[in-house]
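Participant: Structure, please.
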Amino acid sequence: MFDIFDALALIGGLCLFLFGMNVMGDGLERRAGNSLKALLGKLTDNKFKGFLTGLGVTAVIQSSSATTVMVVGFVNSKVMTLKQSIGVIMGANIGTTVTAWLLSLGGISSDNIVMKLLKPMSFTPILALIGIAFTMFSKSSNKKDVGTILLGFATLMFGMDAMSDAVKGLAEVPEFQNLFLAFTNPILGVLVGALVTAIIQSSSASVGILQALSVTGAVSYSAAIPIIMGQNIGTCVTAMLSSFGANKNAKRASFIHLSFNVIGTVICLTLFSLISLIFKPLILNESATYLGIAICHTIFNVLCTVILLPASSLLEKLAYKLVPEGKTPEKVVELDERLLATPPVAVERCCQLASKMASEAVEGFKLSIESIRKYSPEIAEKIRKIEDDTDHYEDILGTYLTKLSKSQVSDEDSATVTKLLKAIGDFERISDHAVNVLESVEELREKGIEFSPAAREEIAVLCAATNEILALTEAAFVGNDIALAYDVEPLEQVIDNLKTLLRNNHIARLKEGSCTVETGFIWSDLITNFERVSDHCSNVAVGIIDVSEHTMNAHEVIKSLKAGNAHYSDKYEEYAGKYSVTKLA
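Facilitator: The predicted model follows:
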């Protein structure tokens, strides 16, 4: 008989189950960081590739809700198009069925020793022991994440077992039997499945609860199948909620998720009703099992995808009908806060935007160099526009990265966040120096003065060296190329020496009377800006090396680069010969 103690055990088991699923999901997200980052590189208009991407990512992180929230965030940031999102959303629905198959192991009942070993209660204590050891005693973040996954899995399986034991008494409660008898009404079953899943916001968890209840024998397939269909509708709540405040395409992506599941449920429910007329007395009145529920869950999701994936363009048109275009243009959101829920993806998105910022900053300074040779109002306007853009990027990236640093991120991602926070300041200063160079050029034009032929030759050498160090730095940062990062420091030293030599040569020309004091002020400003840009390039390169070597100590990196380093010496000699200027007496 079911009593108060069974009810308390059921509540406790449910809490353990939901907590374990949440902990396991968080650990999987962190441990699968590279897989999640690869999602950005696999975006394609090919709906079948998108489907496989959504399936793979969801199978790894075990949460279709997390995947769809990511998709909404990508669409809102214009990283993913609405068309690209459809296949990913459909794939996520199948990927999430893996959990039900894992939980179905709890339904194994056999005297066979091999089968007993497959039963979770036989091996989860060992997993829990390994998990707690990794979590408490390992210094590696990867091992800690593995420990979290194992502990989460063990906890949810213990919770599942506790729920199953607690509900066995319900088999003797007539009200419970009548309740599930009422759920054989397909419409009521769908509504209950949708409501429960909407409350706990996890279709995997609600399927697990249904599997636990199946031990009572009161859950027939005719009741379970409509509930499973409703669970797919209920899981759409998470994506719908996350789309509030997003742009229209992001809202359309959440509506595609909802309409896909609603239309799929309507079609499958119609088929189910027809089939039940024939097979209900034979099969559907049978008591559902752990494995049977997992099979039904998978068949339903696969069937929905098979029916609707070819019609994905129609779903896209429906989304445009449900969310029509507005009259006013929408604000572009470069960094969507929804992605903070999945730190590895948020880090990758920051890397992409920081790379864009780097390319613009480098372009801006190269344009300022060009303006020395050939000034035009169009170039000047573009340089100032780039400076405004990099200020904007520094502001939004700095704010976003600070929030991201407070999340649970892996050691690797934490080091990347630190590198980005440092680098964006350097790139913003490079664009500032571009404007400074432009202003010096404009001052020369306004005052109608020119550098001497010798000075123009010298500044051309400095410009060439600076162009190369900028190109090296951009390539090293965007491609995370350690080899190129090592080439930056020797060239920075050559540019430092060039600055000193050019300043001394100007003084020599001043004494000869071939240069003026007024020109000298502008000359000094110019070469100072070039030298400081090379310093910022060095900072970025050292940051890249810091992360690769896990030193996080810029002074030590620079010291090790210069102290008896054959590569540094060879590159320094190469650059010094390439960018040489004659010293004046």
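Participant: helices and strands around the helix or strand containing Glu442, which ones?
Facilitator: In this assignment (DSSP states H and E), Glu442 forms part of helix 411-447. Applying 3 or more CB pairs under 8 Å, 6 or more residues apart in numbering; DSSP states H and E, we find helix 411-447 packed against helix 343-373, helix 377-405, helix 517-549. C-betas here are computed from N, CA, C, even on glycine.
Participant: out of those helices, which comes closest to Ile275?
Facilitator: Closest approach to Ile275 among those (CB to CB): helix 343-373, 40.7 Å.
Participant: And that closest one, how far out from the chain middle?
Facilitator: Distance of helix 343-373 from the chain centroid (CA atoms, centre = their mean, to the nearest Å) equals 20 Å.
Participant: before we move on, what about stretch 174-188?
Facilitator: The answer for stretch 174-188 is 43 Å, by CA atoms, centre = their mean.
Participant: which residues sit against that stretch?
Facilitator: Among residues not part of stretch 174-188, those counted as contacts by CB atoms under 8 Å, 6 or more residues apart in numbering are 2, 170-171, 189, 192, 216, 218-220, 222-223, 226-227, 269, 272-273.
Participant: Of the residues you listed, just the buried ones, PyMOL syntax please.
Facilitator: Here is the PyMOL command that selects only those of these that count as buried (16 or more other CB atoms under 10 Å):
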select buried, resi 2+170+189+192+216+218+219+220+222+223+226+227+269+272
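Participant: Just the contacts of stretch 174-188: which are in strands?
Facilitator: When these are checked against strands (DSSP state E), there are no matches.
Participant: Can you classify Lys139 by secondary structure?
Facilitator: For Lys139, the assignment made with DSSP: H, G, I helix; E, B strand; the rest coil gives coil.
Participant: Can you check the pLDDT for it?
Facilitator: Looking at Lys139, its pLDDT stands at 81.
Participant: how close does it sit to Asp411?
Facilitator: Shown here: Lys139 relative to Asp411, a distance of 9 Å by CB to CB, to the nearest Å.
Participant: More neighbours: which of these two?
Facilitator: Asp411 (14 against 7; other CB atoms under 10 Å).
Participant: show me what contacts the more buried one?
Facilitator: By CB under 8 Å, 6+ apart, the neighbours of Asp411 are 140-141.
Participant: repeat that for 7 Å
Facilitator: Contacts for Asp411 were tallied using CB atoms under 7 Å, 6 or more residues apart in numbering; they are Ser141.
Participant: returning to that earlier point: looking at the helices and strands packed on helix 411-447, which is nearest to Asn436?
Facilitator: Among the helices and strands packed on helix 411-447, helix 517-549 sits nearest to Asn436 (CB to CB), with 4.9 Å.
Participant: Show me which residues of that closest one are buried.
Facilitator: Buried residues in helix 517-549 (16+ other CB under 10 Å): 519-520, 522-523, 526-527, 529-534, 536-548.
Participant: do the same with stretch 472-485
Facilitator: 472-478, 480-481, 484-485.
Participant: hmm, which two among the residues you listed are most spread apart?
Facilitator: It's Leu472 and Asn480 that sit farthest apart of these, by CB to CB, at 13.5 Å.
Participant: low-confidence ranges in the stretch 51-200 of the chain?
Facilitator: 107-118, 171, 177 (pLDDT under 70).
Participant: Val98: neighbour count?
Facilitator: 17.
Participant: need the contact list for it.
Facilitator: By CB under 7 Å, 6+ apart, the neighbours of Val98 are 59, 62.
Participant: Distance check, it against Ser64.
Facilitator: 10 Å.
Participant: Point me to the residue sitting closest to the centre of this protein.
Facilitator: Centroid check for the chain by CA atoms, centre = their mean gives Val345 as the closest residue, at 0.8 Å.
Participant: Settle this for me: that one is touching Leu339, isn't it.
Facilitator: Yes - Val345 lies in contact with Leu339 (CB atoms under 7 Å); the separation is 5.3 Å.
Participant: residues touching the closest residue to Val196 other than its chain neighbours, list them.
Facilitator: Leaving out its chain neighbours, the residue that sits closest to Val196 by CB to CB, 6 or more residues apart in numbering is Ser206, at 5.1 Å. By CB under 7 Å, 6+ apart, the contact set of Ser206 is 193, 196-197, 200, 231, 234.
Participant: Where does Ser206 sit, in terms of helix or strand?
Facilitator: Per DSSP H and E: helix 203-213 holds Ser206.
Participant: just how off-centre is that helix within its chain?
Facilitator: Using CA atoms, centre = their mean, the offset of helix 203-213 from its chain centre is 29 Å.
Participant: Alpha carbons of it, as PDB, please.
Facilitator: In PDB, the C-alpha atoms belonging to helix 203-213 read as follows (Å, rounded to 0.1, in the frame of the first residue of the first chain):
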ATOM      1  CA  SER A 203      11.700  16.100 -22.000                       C
ATOM      2  CA  SER A 204      14.500  13.600 -21.000                       C
ATOM      3  CA  ALA A 205      13.500  14.100 -17.300                       C
ATOM      4  CA  SER A 206       9.800  13.700 -18.000                       C
ATOM      5  CA  VAL A 207      10.400  10.500 -20.000                       C
ATOM      6  CA  GLY A 208      12.500   9.200 -17.100                       C
ATOM      7  CA  ILE A 209       9.600   9.900 -14.700                       C
ATOM      8  CA  LEU A 210       7.200   8.000 -17.000                       C
ATOM      9  CA  GLN A 211       9.700   5.100 -17.100                       C
ATOM     10  CA  ALA A 212       9.800   5.100 -13.300                       C
ATOM     11  CA  LEU A 213       6.000   5.000 -13.000                       C
END
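Participant: For the helix or strand harbouring Ala455, name the packing helices and strands.
Facilitator: Element membership for Ala455, per DSSP H and E: helix 453-478. Judged by 3 or more CB pairs under 7 Å, 6 or more residues apart in numbering; DSSP states H and E, helix 453-478 is in contact with helix 343-373, helix 482-512, helix 517-549.
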